[in-house]
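Undergrad: Model the structure of this input:
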Amino acid sequence: MQRLRNLTGGLKTSYRDGDVAGRVQRFNSWTRRSLDSAADANSYDHSETAKEYYDLCNEFMVFGWGDSLHFAPLSPTETLEESKIRHQRLMISKLELSEGMRVLDVGCGIGGPMRRVASEAAVNVVGVNISKVQLNRARTLNAEAGLDHLVDCIESSFMDLSTINDSSFDRAYAIESTCHAPDKQGAFAEIFRVLKPGALLWGQEMCMTDKFDPNDNQHRAIKADLMHGIALRDIATTGEVNRALEAVGFEVVEGTDLGVTNSNSTTPWYKPMETANGTRGYAPHRTPKGRKMLVKASGLAELIKVIPKGSANVARLMDETAIAYVAGGKTGIFSPLYCFLARKPGP
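TA: Numbers count the residues shown, from 1 in each chain. Presented below is the predicted three-dimensional model:
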């Protein structure tokens with residue numbers, strides 16, 4: 001019940017500017033607009049599409065997935081939240097953090113990982129995000145956690161970090177953020193610039209796997225649905241991610257698709273969106289039936305003016321995106337868990 005109250009209040013705050021239905025309609029036209037702009041590169045800015053995606057969908061994302069808006073390798077003995085915490089601690093260990101380091105969170109969302117990194121590693125974290133809706137929530141949660149002395153947030157696109165000086169950070173991480181970059185190499189170049197020589201970058205990218213067949217109609221359709229529903233201008237392969245990192249000067253230390261189910265992880269990453277089983281804890285609101293009920297409930301709540309008109313359209317978009325995630329995962333052609341560690345050369 002508290003989760004629903006939080007959703008209702010969050011929607012009222014996020015949608016205070018109105019015309020939610022019109023904004024969803026415009027978002028749903030982004031693929032066509034991006035294609036129409038092929039003759040005029042300046043008529044479409046994908047960074048604005050990604051911003052609108054998170055401004056519109058953040059409250060429903062938090063309702064369904066919690067404060068850490070990312071995927072993680074799952075275990076049947078853990079809740080989804082416990083698996084995400086374990087995953088964040090893996091990242092912390094890979095980054096070899098030391099007390100007092102300055103760390104950049106590229107695309108910080110509402111700051112779930114940021115708060116864990118700052119509190120557990122005793123480092124100073126600066127989060128960058130283009131979404132004002134998410135930044136406002138992150139700042140509130142940071143203050144509530146008593147971490148204002150360790151964390152800060154900057155409203156900026158990671159494609160242009162010009163407000164940050166060269167060689168300013170000891171470490172950086174990017175969790176499911178640079179996959180939205182209209183130019184992946186350009187995004188990595190900016191991160192490279194603001195890191196000190198010898199600094200480490202940990203990243204988690206959404207990628208097409210080796211099972212993807214560009215000549216398979218079903219595979220192409222699933223990829224198109226994923227691109228549209230997650231606001232991805234394209235979906236890179238793991239090799240393309242590595243080459244983009246190397247092109248700007250990074251040394252790729254390691255790269256592994258942690259979305260591959262193995263003997264140590266018997267629950268596929270997409271399972272919470274398919275069934276209430278597979279992880280510890282009962283979370284029916286993430287399942288197909290639960291999402292359909294949320295769409296209907298949102299429509300009724302609109303009628304009695306409990307939530308802003310158009311909210312149900314966003315809930316429907318989230319349901320369609322979840323369906324695309326599951327299709328990509330079940331066919332094995334898509335993974336949101338390509339995790340890499342890269343190093344900027346230097347002492």
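
Undergrad: only C-alpha atoms for contact and neighbour calcs from this point on.
TA: Fine.

Undergrad: For stretch 65-77, give me every contacting residue.
TA: If you take C-alpha atoms under 8 Å, 6 or more residues apart in numbering as the criterion, stretch 65-77 is touched by 61-62, 80-81, 83-84, 87, 109-113, 175-176, 258-259, 264-269, 278-280, 286, 336-337.

Undergrad: if I look at Val103, how far off is Gly186?
TA: Between Val103 and Gly186 the distance is 20 Å, computed by C-alpha to C-alpha, to the nearest Å.

Undergrad: for the top strand by length along the chain, packing partners?
TA: The strand that spans the most residues within the chain, counting by DSSP state E, is strand 195-208. Counting by 3 or more C-alpha pairs under 8 Å, 6 or more residues apart in numbering; DSSP states H and E, the packing neighbours recorded for strand 195-208 are helix 80-95, strand 169-175, strand 334-343.

Undergrad: Buried ones among the contacts of stretch 65-77?
TA: 61-62, 80-81, 83-84, 87, 109-113, 175-176, 258-259, 267-269, 278-280, 286, 336-337 (16 or more other C-alpha atoms under 10 Å).

Undergrad: Can you verify my assumption that Val103 contacts Ala172?
TA: Yes: assessed by C-alpha atoms under 8 Å, Val103 is found in contact with Ala172 at 5.3 Å.

Undergrad: So the two - more neighbours on which side?
TA: Using other C-alpha atoms under 10 Å as the criterion, Val103 and Ala172 rank with Val103 on top: 27 against 24.

Undergrad: got the phi/psi numbers for the more buried one?
TA: Note on Val103: backbone dihedrals following degrees, to the nearest 10 are phi -120, psi 140.

Undergrad: For it, list the residues it contacts.
TA: Applying C-alpha under 8 Å, 6+ apart, the residues near Val103 are 123-126, 169-173.

Undergrad: Check Leu80 too.
TA: Counting by C-alpha under 8 Å, 6+ apart, the residues that Leu80 touches are 74, 272, 279-280.

Undergrad: is it possible to export those to CSV including pLDDT?
TA: Output for these, formatted as CSV (pLDDT from 0 to 100):
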residue, pLDDT
Leu74, 93
Pro272, 94
Thr279, 88
Arg280, 89
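
Undergrad: if we take those, which one ends up nearest to Val253?
TA: Comparing these against Val253 with C-alpha to C-alpha picks out Leu74 as the nearest, at 24.2 Å.

Undergrad: To what extent is that closest one buried, counted in neighbours?
TA: The number of residues packed near Leu74 is 30, by other C-alpha under 10 Å.

Undergrad: In the beta-sheet assignment, what are the partners of it?
TA: Applying DSSP bridges to Leu74 yields these beta-bridge partners: Thr267.

Undergrad: Make sure Gly10 is actually in contact with Glu59.
TA: Yes: assessed by C-alpha under 8 Å, Gly10 is found in contact with Glu59 at 6.0 Å.

Undergrad: Mind listing the shared neighbours of the two?
TA: The contact sets of Gly10 and Glu59 do not overlap (C-alpha under 8 Å, 6+ apart).

Undergrad: the more surrounded of those two?
TA: Glu59 (26 against 20).

Undergrad: Isn't the more buried one up against Leu11?
TA: Yes: using C-alpha under 8 Å, Glu59 makes contact with Leu11 at a distance of 6.3 Å.
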